[in-house]
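*Asks:* Just the structure for this:
(chains A and B)
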Amino acid sequence: MEQKITTALQETIKELYKTDFAIDAKSIQRTRKDVEGDFTIVVFPFLKVAKKNVEMVAQEIGEKLSEKLSCQYQVIKGFINLSFPDEYWLHFLGNSLTNSNFGYKEKKNEKPIVIEYSSPNTNKPLHLGHIRNNLLGSSLAKILTACGEHVLSVNLVNDRGIHICKSMLAWQKYGNNETPESSGLKGDHLVGKYYVEFNLHYKDEVRELMRQGMSQEEAEKKAPLLLEAQELLQRWEKGEPVVIELWEKMNGWVYKGFEETYRQLGISFDKTYYESETYLIGKEIVQRALKDNIFIKKSDNSVWVDLRDEGLDEKLLLRSDGTSVYMTQDIGTAFLRYEDFSAQKMIYVVGNEQNYHFDVLKLILTKKLNTAFGNSIFHLSYGMVELPEGKMKSREGTVVDADDLIEEMILQARKSSEALGKNDFTNEEAEKLYRLIGLGALKYFILKVDPKKNMLFNPNESIDLNGNTAPFIQYSYARIASLLRKAEALNINYLAKPDSTVTISKNEKELIKSLNEFPKVIENAGEQLNPAIIANYLFELAKDFNRFYQETPILKEPEVEKQKIYLQMSKLTSITLKNGMALLGIEVPEKM
RNA sequence: GGUUCCGUAGCUCAAUGGAUAGAGCAACUGCCUUCUAAGCAGUAGGUUGAUGGUUCGAUCCCAUCCGGAAUCGCCA
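*Replies:* Here you go, the predicted structure:
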């Protein structure tokens, strides 16, 4: 309909003012709730070509438009409000409610979009920050798929590097051969424990060296533990069997742990890259470019890229001992990934703390290495999850652990459900429901916030299960499901086309209008790469429906045709809630 | 210090340059002989950090200032 209005408006302007006017989609919007109308046109932009006062322009445009579109119009100040007949909205309703894919687009025939997310380090378990990353990535993959794109989710496991060596070293030194089996710890947690251990001992060493008169900077570089870790990394890059064996063993523990967390979150990938398999590609590319004088070698043998022409600084690409750094690997991975998929776009879901890194990466790929795909990489930079006392730090152990939080949420759901005296479930059903609610609440809590923004998590206040939350939406869905079951049990055939003489109230029409917006909301979320748009829409929709539900005893409605429409509205709302929540990775229960 | 991002109700968050800045939580008042009260209705809460500018119109764009965060690692 917006499209129709745009076209009609374009014609009208041309007829009235003899000008071609590019109509901005923004000048047509949904009418405010407290004003009569369905769509609103803002006339201010046309004043330049019309050269008359606002009221007159609005009147004459409204007049013509209402003829072309056969609708009513009403002018208030600089706004034309168009109203379409009930029939139009009922037609939309009837057409959509049998489509279980309502809101989703057909797959387009285009090159894939590759989206990288998760990208864990194998030296520590996942925490709340990673949860945000994983949820954003998997939700965006679903949203883009719903927009008709061919989406490939990839994970890049950072399984090598100095930080991994730190955990390995600490385990060697202080581990007493501890294993997940012997300790009863989940593999990733066990390895993480030694990463923290390393930093504790390392700090002690630094403190001791400073006590002996060394500067902090020097002490941090010369602490024996760090030197040992660096040596371990070199031995790893040389492929020394003992080192590789230990590395494989500990990474194996971590993968098992990660798998479990991913399973809980419902996350999976089309392809997993390991940096241990890709960093050499990056190294090679850097070496080759060094020969071509694109990069520079300093006297200590370290290799750098000079980006001062681009307003940035010099950046290290290879250490003086020849080992590679994060940037080296990312260059290699980008090449490999483009070879693999020839993607139209490569999205990296990575925290905003790495904005500079991605600026540099993109500049290296486009300006220095002149790749064609450099411009197709896009850093989806999301904000940090902060605690009341500030940022989470793995090294300090001040993090909200992902597994703990998931468990806590499921427990919350159980407690809450029991407190409400819900006992109409088998044990199995109940367990499933608690998971669905707990995880839903967690996912929604994260995804309803604009990805770009930092967000706060207060561990002392449990995540809400009332108000603007997943359980609220899930509950709305479950009530509709129950309602529709009852209607079917009463043999009410609500799918049939309603009698055209039936009319609907303003509030009812508002709800249908909201449903009508769903496909556009998805599109919007896809364009802006923002799941929060969907979350907020679903909340509004559920709220609108709940009001309607409360005001209208649907099954007691005496007018058959009206009842039919009410049930149709309920049905399409339930489809919309379900499909929308699915895009956030949240399930909805048939009973709650 | 340079660069980037952010400042909206007590708290957590909304608001494609459009009409009277909205929700949730917390507080207070009502509504279950029920299509599921994890719900609904209502009260209260604001100089959108500050000052200028652009515009018919600014929470949104620009400038300056104040406050906070990130980054500027041979960490990732």
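*Asks:* which ones are touching A:Asp403?
*Replies:* Going by C-beta atoms under 8 Å, 6 or more residues apart in numbering, A:Asp403 touches A:125-126, A:186, A:189, A:260-261, A:264. All C-beta spots, glycine's among them, are computed from the backbone N, C-alpha and C.
*Asks:* Buried subset of these, written for ChimeraX?
*Replies:* Buried members of the contacts of A:Asp403, identified by 16 or more other C-beta atoms under 10 Å, are gathered into one ChimeraX selection as follows:
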select /A:125,126,186,189,261
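*Asks:* Export the contacts of A:Asp403 as a markdown table, with columns for distance to RNA strand B and pLDDT.
*Replies:* Below are the contacts of A:Asp403 laid out as a markdown table (distance: C-beta to the nearest atom of the strand, whole Å; pLDDT from 0 to 100):
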| residue | distance to RNA strand B | pLDDT |
| --- | --- | --- |
| A:Pro125 | 14 | 93 |
| A:Leu126 | 13 | 94 |
| A:Lys186 | 21 | 96 |
| A:His189 | 19 | 95 |
| A:Glu260 | 21 | 96 |
| A:Thr261 | 18 | 96 |
| A:Gln264 | 19 | 95 |
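*Asks:* from the contacts of A:Asp403, which is closest to A:Leu82?
*Replies:* For the contacts of A:Asp403, the minimum distance to A:Leu82 (C-beta to C-beta) is 48.5 Å, reached by A:Gln264.
*Asks:* what ranges do the strands span in the stretch 451-592 of chain A?
*Replies:* A:455-456 (DSSP state E, counting those that start in this stretch).
*Asks:* whoops, the stretch 201-350 of chain A was the one
*Replies:* Counting by DSSP E, counting those that start in this stretch, the strands of the stretch 201-350 of chain A are A:271-274, A:296-297, A:303-306, A:314-318, A:345-351.
*Asks:* out of those, which comes closest to RNA strand B?
*Replies:* strand A:314-318 (4.3 Å; C-beta to the nearest atom of the strand).
*Asks:* How about the closest one and RNA strand B, touching?
*Replies:* Yes: legend: contact between strand A:314-318 and RNA strand B by C-beta under 7 Å from any atom of the strand is shown at A:Leu316.
*Asks:* starting at the chain centroid, how far to that strand?
*Replies:* 31 Å (C-alpha atoms, centre = their mean, to the nearest Å).
*Asks:* Report how many residues lie close to the one residue in the stretch 351-500 of chain A that gets nearest to RNA strand B.
*Replies:* RNA strand B sits closest to A:Gly467 of the stretch 351-500 of chain A, with a gap of 2.1 Å, by C-beta to the nearest atom of the strand. For A:Gly467, the number of neighbouring residues by other C-beta atoms under 10 Å comes to 9.
*Asks:* how near is it to A:Ala441?
*Replies:* Counting by C-beta to C-beta, to the nearest Å, the gap from A:Gly467 to A:Ala441 is 11 Å.
*Asks:* Including mean pLDDT, distance to A:Lys249 and mean neighbour count, could the strands of the stretch 201-350 of chain A go into JSON lines?
*Replies:* Below are the strands of the stretch 201-350 of chain A laid out as JSON lines (pLDDT from 0 to 100; distance: least, C-beta to C-beta, whole Å; neighbours: other C-beta atoms under 10 Å):
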{"stretch": "strand A:271-274", "mean pLDDT": "95", "distance to A:Lys249": "16", "mean neighbour count": "16"}
{"stretch": "strand A:296-297", "mean pLDDT": "94", "distance to A:Lys249": "36", "mean neighbour count": "14"}
{"stretch": "strand A:303-306", "mean pLDDT": "94", "distance to A:Lys249": "32", "mean neighbour count": "19"}
{"stretch": "strand A:314-318", "mean pLDDT": "94", "distance to A:Lys249": "28", "mean neighbour count": "19"}
{"stretch": "strand A:345-351", "mean pLDDT": "96", "distance to A:Lys249": "29", "mean neighbour count": "22"}
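*Asks:* Any residues of the stretch 1-150 of chain A in contact with RNA strand B? List them.
*Replies:* Counting by C-beta under 7 Å from any atom of the strand, the stretch 1-150 of chain A sits next to RNA strand B at A:25-29, A:31-32, A:34-35, A:37, A:40, A:42, A:44-45, A:47, A:76-79, A:81, A:121.
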